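*Asks:* Quick one, what's the 3D model for this:
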Amino acid sequence: MSSTSVSFVIAADPPPRLDKAIARDVPEGAALSRTRLARLVADGAVTVDGIVATDPKARVSEGSTIEVRVEEATESHIAAEDIPLDVVFEDDALIVVNKPAGMVVHPAPGSPSGTLVNALMFHCGDDLSGVGGLKRPGIVHRIDKDTSGLLVVAKSDAAHHGLAAQFAAHSVERYYRALVYGVPDANDPRLRGIKGTNFEPGNVLKLTTQLARHKTDRQRQAVLFHGGRHAVTRARVVARYGTPAVLAQVECWLETGRTHQIRVHMAHAGHGLVGDPVYGGRRKLARGALGDNAAAAVQNFARQALHAAVLGFEHPVTGELLRFEAPLPEDFSALLDLLGA
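*Replies:* Residues are numbered from 1 along each chain as shown. Presented below is the predicted three-dimensional model:
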């Protein structure tokens, strides 16, 4: 198998560990993440002044010459499947797709095929230059199986590294549309009494909590205030439905991107998403608030009413600012049409 070498010199005041030092000083153009570099150290692909180094905790000195041998990307075990994709943007570095509801992003024991990654393996073919040493798409963020909308996927190590850094820095623009029970409002004393909620100017609901996997139900996430991972969601009302108003269309945007974040946060605030099978998306509506057809459509909506509508980021290779919008899918749009009739 062919390989390439990346050589560089350790700069002044290196971190005490080899893995941290080379991650700091490796040329940006090599697009080698810290995780990838750690794996290369373990594989014996890194030399320090000509001597193979396999201990990531080893000390390294200023002025040491580092050489990293990077093997050509190998074929992935993930099968390519000819599944239609709604491609919003594509170039040599990345691809943006509008994922339909019902499609899993990545193969897993319960969903070994029919996923977005299987479809991308077929669609991209030889355009995948390799991510993490394998010819596969680089998934830097996910949306739930039954959530529709926009995803960006890397086609190269350089793009994967650059996109991952933006998601880690929370600089990616992500807006969602959701249909929720009730109407979040700053004048609601109940909502103001819920820990982790407050309102910002413009009647913007801000939810700030920790999130972690539920202790007894491993399919759920739970709100915590100690431990877990920091999570911040903002939401504002776009439209109200019913007389009196019993539902609201909200625009949500993420400061962080945790599993089920919008779903669990809105449920915590008492405004669960319509159709959400995990966080209580089946509620009785006030009698007569909606017409019979609209009320039935709400009760029978087959998934969580959540759509990733806007995605904006800096192109990890060219530096160009990119922003994409995806219209609501047919099922969501039809439901709103009924509610607005």
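*Asks:* Would you mind confirming that residue 223 is in contact with residue 269?
*Replies:* No: when contacts are counted by Cβ atoms under 8 Å, residue 223 is not listed as touching residue 269 (9.7 Å). C-beta: built from backbone N, CA, C; applies to glycine.
*Asks:* which residues in the stretch 1-150 of the chain form helices?
*Replies:* Counting by DSSP state H, counting those that start in this stretch, the stretch 1-150 of the chain has helices at residues 18-25, 34-42, 116-124.
*Asks:* try the stretch 151-300 of the chain
*Replies:* Under DSSP H, counting those that start in this stretch, the stretch 151-300 of the chain gives helices at 157-168, 189-192, 261-268, 292-299.
*Asks:* Comparing those helices, which stretch has the densest surroundings?
*Replies:* Most buried of those, by mean neighbour count (mean count of other Cβ atoms under 10 Å): helix 261-268, with a mean of 25.
*Asks:* roughly how far out does that helix sit from the chain middle?
*Replies:* In this view, helix 261-268 has its centroid 15 Å away from the chain centroid, taken as Cα atoms, centre = their mean, to the nearest Å.
*Asks:* and if you look at stretch 323-330?
*Replies:* Computed by Cα atoms, centre = their mean, the chain-centroid distance of stretch 323-330 equals 16 Å.
*Asks:* List the buried residues for it?
*Replies:* Buried residues in stretch 323-330, counted by 16 or more other Cβ atoms under 10 Å: 324, 326, 328-329.
*Asks:* and what of stretch 81-101?
*Replies:* With the criterion 16+ other Cβ under 10 Å, stretch 81-101 contains buried residues 83, 85, 88, 90, 93-101.
*Asks:* any weak-confidence spans in the chain?
*Replies:* Confidence mapping of the chain against pLDDT under 70 gives the ranges 1-3, 29, 31, 72-77, 109, 126-136, 281, 341.
*Asks:* Spatially central residue for it, please.
*Replies:* What sits nearest the mean C-alpha location of the chain, by Cα atoms, centre = their mean, is residue 141, with 2.7 Å.
*Asks:* Thought residue 164 was touching it, still the case?
*Replies:* No: using Cβ under 8 Å as the test, residue 141 is too far from residue 164 to be in contact (9.0 Å).
*Asks:* Around the residue nearest to residue 298 when sequence neighbours are not counted, how many other residues sit close by?
*Replies:* Of all residues beyond its chain neighbours, the one nearest residue 298 is residue 274 (5.7 Å), with distances taken as Cβ to Cβ, 6 or more residues apart in numbering. For residue 274, the count of nearby residues is 24 (other Cβ atoms under 10 Å).
*Asks:* With residue 259 as the reference, measure out to residue 274.
*Replies:* Computed as Cβ to Cβ, to the nearest Å, the residue 274 to residue 259 distance reads 20 Å.
*Asks:* Over to residue 86?
*Replies:* Remark: distance between residue 86 and residue 259 (Cβ to Cβ) = 24 Å.
*Asks:* Apart from its chain neighbours, what residue comes closest to residue 186?
*Replies:* Among residues not flanking residue 186 along the chain, residue 199 sits closest, at 4.1 Å (Cβ to Cβ, 6+ apart).
*Asks:* Kindly state the beta-bridge partners for that neighbour.
*Replies:* For residue 199, the beta-bridge partners are residue 205 (DSSP bridges).
*Asks:* Please renumber the chain so that the first residue is 685 from this point on.
*Replies:* Renumbered: residue one is now 685, and that last one reads residue 883.
*Asks:* so who does it touch?
*Replies:* Listed by Cβ atoms under 8 Å, 6 or more residues apart in numbering, the contact set of residue 883 reads 870, 876, 889-890.
*Asks:* distance of it from residue 976?
*Replies:* Taking Cβ to Cβ, one finds residue 883 at 34 Å from residue 976.
*Asks:* what about residue 854, neighbour count?
*Replies:* Neighbourhood size, residue 854 [other Cβ under 10 Å]: 12.
*Asks:* next one: residue 956
*Replies:* Using other Cβ under 10 Å, residue 956 has 23 neighbouring residues.
*Asks:* again, but for residue 855
*Replies:* Here the number of neighbours of residue 855 (other Cβ under 10 Å) works out to 11.
*Asks:* ditto for residue 943
*Replies:* Residue 943 has 15 neighbouring residues, counting by other Cβ under 10 Å.
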